[in-house]
Every structure is written in structure tokens, then in C-alpha cells.
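Participant: Build the 3D model from these lines:
(chains A and B)
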Amino acid sequence: MKCRKCGGTAVINMRQHKLALCADDYLAWLPEQVQRFIEKYEMFTRDDRVLVAVSGGKDSLGLWDILHRLGYQADGLYIGLGIDGGFGYSDQSRELSERFANEHGLKLHVVEVEQTYGATIPELAVISNRGHGKPCSVCGLNKRYIMNRVAHDGGYTVLATGHNLDDEAAVLMQNTLNWAGGYLVRQAPVLPASRPGLARKVKPLCRIYEREMAAYTITRGIEYIYDECPHAVGSTTLYNKELLNQLEEKRPGAKLQFYLSFLQAKEAGLFSAKASEPDLHACDRCGQPTTAPGECSFCRLWDKVRGVKNLPDRVPASLVAPALSA
Amino acid sequence: MVYRGKEYEAKVGSTVRDAVKKIGLQPETVLAVLDGKLVTDDTVLREGMNIRLVAVISGGSGAGR
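Facilitator: Next up is the predicted model:
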């Protein structure tokens, strides 16, 4: 297959865009698309300090690479969850994130959950008895909390995550199947910082196919962790992605159409934001915004763990090391 | 072809796309790598070709692992 732009040998054929490109043209095309979406959804400008949540995976490292190449001030945040899975999953992903940062001369904040708070995520899931034997629920809670804290403590104006189109379409499908109005209202390329202490969250890859991101990182020569999180096996997200890819196979562009139609419907007023606006206040303990009365879910979870493990109270004043903060 | 450490025989003369379907995978969920470089799925398989299939779908995203 020939590259549509130069006639050279194509390395990727994107049926959804009716576009095949060679390596050089693809490496130029994808960042251009990301830039287009950053501008279209008014995510951030080059004056913003962006914190990129990195996991050592293709999407987050690819995003960091693209933002860096586009000239944005983008630092990274890696959260060590203490997941082993028999092959040192967390250790490998940290190593790859640190290697990328070092090779590109970028700043990476590292928060190890066990060192900071006293337990690994799998341990936390067992002690808290949340998530029906799977740590995904407590993992999500901890990641969201820590990302927000580091963005706040480090003075970042924007928190960028590597959610791609497949992630967004899979979540949209789940929320639609459940008619989860509150979640549907809040699913968007940008979540504004609706109150002090809450970081502005953006998803610059929300219209980029997962396959396109993998092709980008491979072609760019970025080393990323190929292995799946051992706890993600059998997850609803993976199942939904599989169903959506069956649709995509028959109808190229179906995933993109599903997501874009949703955004358009929302824009046209299909959902009432007012009805689902959460009432936020500051957590009594850590000060982070929460909908829960008194302490936030994160603090209540760790209170319980400290009680069970007999750990000292260790709520850090800041998650950003002084030497690393800008 | 190799996918997740397992080897699969594919018919010479078939395309990568057909071979991927033949082993029960969705073409959208993999990328084909030949000699360290991506190739499109219309690539015709020849004798001795060693294609590595890279899974592109992951279960989650965000900071940390």
C-alpha cells in the first residue's frame, strides 16, 4: 500500500480516515491531529504548565512525546501502584517512564503509593474489601486523588491523561447501557477546574484511535510496556472494546462516529448538566474537593487501612518533592 | 506469525489481514511488525517471513501501573 502523501511505502492504513501513510508522514500527521484537537476543545495553550499522567504505556508516553514535540511545557507524573503480577509490572512501567523522561530531558514526578501511604494497591483492595476481589476500584480512586494532588501541589494548570478514542467509546458505551446520566454529563474532552483545588483535566487523545497511538509509539521508537495490567484481564472495558471493534470491522469509523455524535448531542443540550452537578466541598482532613460529607473517600479508605495495618498517620503536606517542583 | 509469545503458521500468499482473521483476532486490535517496522495489513505473506503481531488494546489508562 502506498502513502497518500508521498507515494512511499505505507506503514499504516487507517480505514476510518481512508488514509494510508508512510512512517515519516505518519509521525508528522498524528501530532498535527492532536494539536488540532487541543485547539478545537480549547484544552490549553503554550503558557500553561501541563502535568501528563504517565504509566509507561503507549498512550501516555506517546502523549508526552507529542506534547513535548509540539512545544508545550509538559512534566510527567508516574504513580507506583505496587502491582507485580508475577513479572514486576509496576517496576517495569516505572523504569520505562523514567527512561523516557531521562532520554528526553523531561521532569518526572514519582509517587509510590506504598512508600507514601503505607500499602500497595492490591493490599489496599484486600484490606478495604472494595471492588469484589479486584483492585481496579481502589486503584482508580487513588490515581484520581494523587493526580489531582500533584497537579495542585506542583502548581500545574492542566492535568492531561492518555485516554484515547477507544477508551472514551468503551466508557461511553458502558454509561449508555446503564443510562448513567451523571457520568454521561461529565464525559468530555475537557473537565474544567470547577472549584479551587480541582485540576482542569484534558484528554488530548480523545479522538485518536488506540491503534493509531500504538502505531505512533512503535514508529517513533518509544519503548513502552506491552503487557496488560494483570488485573485488567476480563474487565468490562476490554469487553466493550472488543464489541466496538467488531462494529469497527464492519463499519470503519463507527467508534469515532459514536463518540462524536455523543459530543454533538451533548452540545445540542441532550443532557441537563444542572441535574447532575455534584455538590463539592473541601475534605475535612486533606482539603481536596469531595462530594462526600466530612472526609473524602480517599482519606476514609486510608483511615481504615492504617487502622488494620497499625500504621502511623501519614498524610503528606505535599506530594511534590521540593527539589522537583518548578 | 507470533502473537503474545505464541507462534502461528500462516498460508503463503495470503494477506496479513486474512491471516490475522484466520487465527481468530480482530484486525483492528493488532499491528503487524516485520523486521522491526510496521507493515500494512494488505502485505502478502511470503515464505520465511516472520511477522510479529502487537496487541494494541489495553484495559485502562492514566498515571501509574
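Participant: from here on, contacts and neighbour counts on C-alpha atoms
Facilitator: Noted.
Participant: ok, now how distant is residue A:278 from residue A:75?
Facilitator: Shown here: residue A:278 relative to residue A:75, a distance of 30 Å by C-alpha to C-alpha, to the nearest Å.
Participant: And residue A:176, by the same measure?
Facilitator: 34 Å.
Participant: What of residue B:14?
Facilitator: In terms of C-alpha to C-alpha, residue B:14 sits 46 Å off from residue A:75.
Participant: about what we covered before: residue A:278 and residue A:75: which is more packed in?
Facilitator: residue A:75 (22 against 12; other C-alpha atoms under 10 Å in any protein chain shown).
Participant: any idea which helix or strand carries that one?
Facilitator: strand A:73-80 (DSSP states H and E).
Participant: repeat for residue A:140
Facilitator: helix A:136-153.
Participant: Run the contact check for that helix versus chain B.
Facilitator: Yes. Helix A:136-153 is in contact with chain B by C-alpha under 8 Å from any C-alpha of the partner chain, via A:143, A:147.
Participant: What are the buried residues along that helix?
Facilitator: A:136, A:138-140, A:142-143, A:145-153 (16 or more other C-alpha atoms under 10 Å in any protein chain shown).
Participant: Over to stretch A:29-36?
Facilitator: In stretch A:29-36, counting by 16+ other C-alpha under 10 Å, buried: A:30, A:31, A:34, A:35.
Participant: I'd say the second one and residue A:66 touch.
Facilitator: Right, residue A:31. Yes. Between residue A:31 and residue A:66 there is a contact under C-alpha atoms under 8 Å: 5.8 Å.
Participant: pretty sure residue A:269 is in a helix, no?
Facilitator: No. Using DSSP: H, G, I helix; E, B strand; the rest coil, the assignment for residue A:269 is coil, not a helix.
Participant: Quick one, grab the pLDDT at it.
Facilitator: pLDDT recorded at residue A:269 is 88.
Participant: can you check residue A:314 too?
Facilitator: 70.
Participant: and it, how many neighbours?
Facilitator: 12.
Participant: For chain B, see how far away it is.
Facilitator: Separation of residue A:314 from chain B (C-alpha to the nearest C-alpha, to the nearest Å): 21 Å.
Participant: so what's that residue closest to, chain neighbours aside?
Facilitator: residue A:117 (6.5 Å; C-alpha to C-alpha, 6 or more residues apart in numbering or on different chains).
Participant: Pull up the gap between the one you found and chain B, please.
Facilitator: Counting by C-alpha to the nearest C-alpha - residue A:117 and chain B are separated by 15 Å.
Participant: cool, residue A:87 as well?
Facilitator: Counting by C-alpha to the nearest C-alpha - residue A:87 and chain B are separated by 13 Å.
Participant: Over to residue A:43?
Facilitator: As judged by C-alpha to the nearest C-alpha, residue A:43 and chain B stand 17 Å apart.
Participant: what bridges to the residue positioned nearest the centre of chain B?
Facilitator: For chain B, the residue nearest the mean C-alpha position is residue B:53 (2.7 Å; C-alpha atoms, centre = their mean). Counting by DSSP bridges, residue B:53 is bridged to residue B:3, residue B:32.
Participant: pretty sure it contacts residue B:5?
Facilitator: No. If you go by C-alpha under 8 Å, residue B:53 and residue B:5 don't touch, sitting 9.6 Å apart.
Participant: Which is the succeeding secondary structure element to the helix holding residue A:140?
Facilitator: Next element after helix A:136-153 (DSSP H and E): strand A:158-160.
Participant: Direction included, what does the strand holding residue A:75 pair up with?
Facilitator: Strand A:73-80 has these strand partners (DSSP bridges): strand A:49-54 (parallel), strand A:108-112 (parallel).
Participant: can you pull out the strands in chain B?
Facilitator: All strands of chain B, identified by DSSP state E, fall at B:2-3, B:6-7, B:30-34, B:37-39, B:51-55.
Participant: Quick check: buried residues in the third one?
Facilitator: Pointing back at strand B:30-34 there. Quick answer for strand B:30-34 (16+ other C-alpha under 10 Å): B:30, B:31, B:32, B:33.
Participant: Let me see the residues that make contact with that strand.
Facilitator: A:211, A:214-215, B:16, B:38-41, B:49-57 (C-alpha atoms under 8 Å, 6 or more residues apart in numbering or on different chains).
Participant: Can you get me a residue count around residue 58?
Facilitator: Looking at chain A here, since you left the chain open. The local packing of residue A:58 (other C-alpha under 10 Å) involves 27 other residues.
Participant: I was after chain B.
Facilitator: Residue B:58 is flanked by 22 other residues according to other C-alpha under 10 Å.
Participant: show me where the stretch 101-250 of chain A has helices.
Facilitator: A:113-117, A:121-128, A:136-153, A:165-177, A:181-186, A:210-220, A:236-250 (DSSP state H, counting those that start in this stretch).
Participant: So which bits of the stretch 151-300 of chain A are right by chain B?
Facilitator: Counting by C-alpha under 8 Å from any C-alpha, the stretch 151-300 of chain A comes close to chain B at A:161-163, A:167, A:210-211, A:214-215, A:218-219, A:226, A:228-229, A:232-233, A:235, A:237-238, A:241, A:245-246, A:248-249.
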